[in-house]
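Participant: Return a 3D structure for these sequence lines:
(one chain, ligands or ions: 1)
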Amino acid sequence: EGNDGLSVGSLLKDTGLVTYDAGFVNTASCKSDITYIDGDAGILRYRGYPIDQLAEHSTFTEVAYLLIYGELPAPEELSRFEDNIRRHTMLHEDLRAFFNGFPRDAHPMPVLSSAVSALGTFYQDSLDPFDQEQVEISTVRLLAKVPTIAAMAHKKSIGQPYMYPDNSLSFVENFMRMTFGYPVEPYEVDPTVAKALDLLFILHADHEQNCSTSTVRLVGSAHANLFNSVSAGIHALSGPLHGGANQAVLEMLGKLHASGDDPKAFMEKVKNKEDGVRLMGFGHRVYKNYDPRAAIVKKYADEVLEKLGQNDPLLDIAKGLEEIALADDYFVERKLYPNVDFYTGLIYKAMGFESKMFTVLFAIGRLPGWIAQWREMMNDPETKIGRPRQIYTGSPERSYPGV
Ligand code: ACO
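Facilitator: Numbering: from 1, shown residues only. All right, here's what the predicted structure looks like:
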């Protein structure tokens with residue numbers, strides 16, 4: 001019995017044995033066939049295929065199909081899937097009006113999650129999580145409309161007119177045109193940027209039970225519809241310890257560059273945990289080795305920046321910080337390596353995206369994973385509503401004053 005009057009017996013009285021696992025470090029919440037990670041060896045596979053092979057040979061829409069349906073599509077299956085997505089890229093005109101209500105300087109992540117939530121009010125014919133036809137149509141609607149919403153959130157934030165989709169273009173090209181194009185001018189897609197963006201989307205497409213995916217599953221486990229579940233996942237992703245880290249990394253590098261501070265002094269601050277400062281883009285709950293996605297992005301960052309004719313001093317600062325970290329006991333002992341977010345922001349910046357859009361790009365990439373995981377859960381007869389227990393640490397029973 002503790003001095004607060006609570007005994008272990010009273011804590012467990014109604015539950016039997018409860019496992020306390022803060023942050024679910026060691027708790028599997030589900031069984032899944034979708035993504036395999038070996039954090040010690042730095043291995044990531046979607047449906048059995050190694051991430052480096054998919055990054056080199058596949059496309060984002062093909063990977064989306066693979067994650068959602070379990071197998072690589074035959075050519076005619078892929079073109080049917082892509083055509084279907086193309087047919088649904090438009091937003092209802094009334095949904096466009098939502099964007100006018102947000103302040104001009106609104107961050108595009110909450111704009112995206114609000115608009116995704118609102119999709120459910122426009123498409124009430126696809127909300128039943130157990131009707132396969134409705135799930136198919138909401139899957140396609142989400143894949144098709146999220147890039148349109150994301151591009152509109154960007155246009156809103158810079159005060160430019162919204163662009164309608166051009167469905168003669170590919171998934172990535174269409175998104176780029178809606179983001180960077182103007183209504184009266186023809187837009188030419190830069191193939192280097194399109195290829196790089198497609199690759200980055202592939203690398204983000206799924207990552208088993210990370211914070212946002214677990215959120216999508218938890219919300220969905222209450223039989224919430226796909227739009228609402230994905231909207232909740234977008235909110236989870238916005239946090240700087242999760243998807244928001246890509247924006248935070250660039251801000252960290254920008255500050256270092258602008259101040260001219262010595263990176264070594266900054267790293268001392270990180271190690272001393274001064275003001276809670278962390279090396280953003282470093283460390284991972286599962287990878288205790290180099291994040292295989294970061295390795296691909298790092299290699300690609302040099303290539304893309306060179307092809308785009310850019311020489312970004314922030315890339316040198318990032319490489320310098322990595323070099324210091326990999327030779328420092330603090331990082332070595334804790335097995336802290338660059339994660340996928342460490343180098344992605346530099347590529348996004350070189351492509352012309354503002355840092356506020358970085359996490360939105362992550363959300364577009366992660367969308368097929370959220371959808372695949374939600375669908376898998378809904379079809380799993382072992383699924384139960386997610387409802388963790390707690391260890392109560394509050395006051396023992398006491399009387400209301402005067403009673
Ligand atoms: N910089 C400095 N120290 C760190 C960092 C970091 N980036 N990450 C972890 N540590 C330290 C912690 O202070 C802790 O030290 P201690 O043992 O002395 O207390 C130790 O390493 C373990 O860290 P935890 O926070 O317990 O690890 P956890 O698995 O809970 O957190 C996380 C993982 C959130 C990713 C963490 O490494 C972090 O905050 N990284 C920076 C943010 C980031 O890049 N997030 C993106 C993750 S990838 C993604 O979402 C796509």
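
Participant: So what's the residue count around whatever residue of the stretch 151-300 of the chain ends up closest to the ligand?
Facilitator: Across the stretch 151-300 of the chain, no residue is closer to the ligand than G283, which sits at 2.3 Å (CB to the nearest ligand atom). Where C-beta positions appear, they are placed from N, C-alpha and C, glycine not excepted. By other CB atoms under 10 Å, 21 other residues sit near G283.

Participant: just checking, it touches D341?
Facilitator: No: in terms of CB atoms under 8 Å, G283 does not count as a neighbour of D341; the distance is 10.3 Å.

Participant: where does the stretch 51-200 of the chain come near the ligand, residue by residue?
Facilitator: Within the stretch 51-200 of the chain, no position is adjacent to the ligand by CB under 6 Å from any ligand atom.

Participant: An error on my part: the question was meant for the stretch 301-403 of the chain.
Facilitator: So far as CB under 6 Å from any ligand atom goes, the stretch 301-403 of the chain lies against the ligand at R334, L336, N339, V340, D341.

Participant: Just give the closest residue to L314, not the sequence neighbours.
Facilitator: L253 (4.3 Å; CB to CB, 6 or more residues apart in numbering).

Participant: do the same with F266
Facilitator: Closest to F266 by CB to CB, 6+ apart is L256, at 6.0 Å.

Participant: which ones are touching that neighbour?
Facilitator: By CB atoms under 8 Å, 6 or more residues apart in numbering, the residues touching L256 are P263, F266, I317.

Participant: again, 10 Å this time
Facilitator: Residues counted as contacts of L256 (CB atoms under 10 Å, 6 or more residues apart in numbering) are D262, P263, A265, F266, P313, L314, I317, A318, G320, L321.

Participant: what ranges of the stretch 251-400 of the chain fall below the confidence cut-off?
Facilitator: Along the stretch 251-400 of the chain, no part satisfies pLDDT under 70.

Participant: all helices of it, in order?
Facilitator: 263-271, 292-307, 313-326, 329-333, 341-351, 358-378 (DSSP state H, counting those that start in this stretch).

Participant: Same question for the stretch 101-250 of the chain.
Facilitator: Going by DSSP H, counting those that start in this stretch, the stretch 101-250 of the chain shows helices at 108-122, 132-158, 171-180, 191-204, 211-221, 226-237, 245-259.

Participant: can I assume L200 is in contact with Y348?
Facilitator: Yes: counting by CB atoms under 10 Å, L200 touches Y348, with 7.8 Å between them.

Participant: what is in contact with these two at once?
Facilitator: With CB under 10 Å, 6+ apart as the test, L200 and Y348 both reach L361, F362.

Participant: Now the nearest residue to M378 once chain neighbours are set aside: phi and psi?
Facilitator: Spatial nearest neighbour of M378, chain neighbours left out: P129 (5.2 Å); criterion: CB to CB, 6+ apart. The phi and psi values for P129, taken as degrees, to the nearest 10, are phi -70, psi -10.

Participant: What is the neighbour count of P129?
Facilitator: The burial count for P129: 19, using other CB under 10 Å.

Participant: how far away is it from Q390?
Facilitator: 27 Å (CB to CB, to the nearest Å).

Participant: swap in P240?
Facilitator: 26 Å.

Participant: out of these two, which sits in the busier spot?
Facilitator: Ranked by neighbour count (other CB under 10 Å), P240 and Q390 place P240 first, with 16 against 9.
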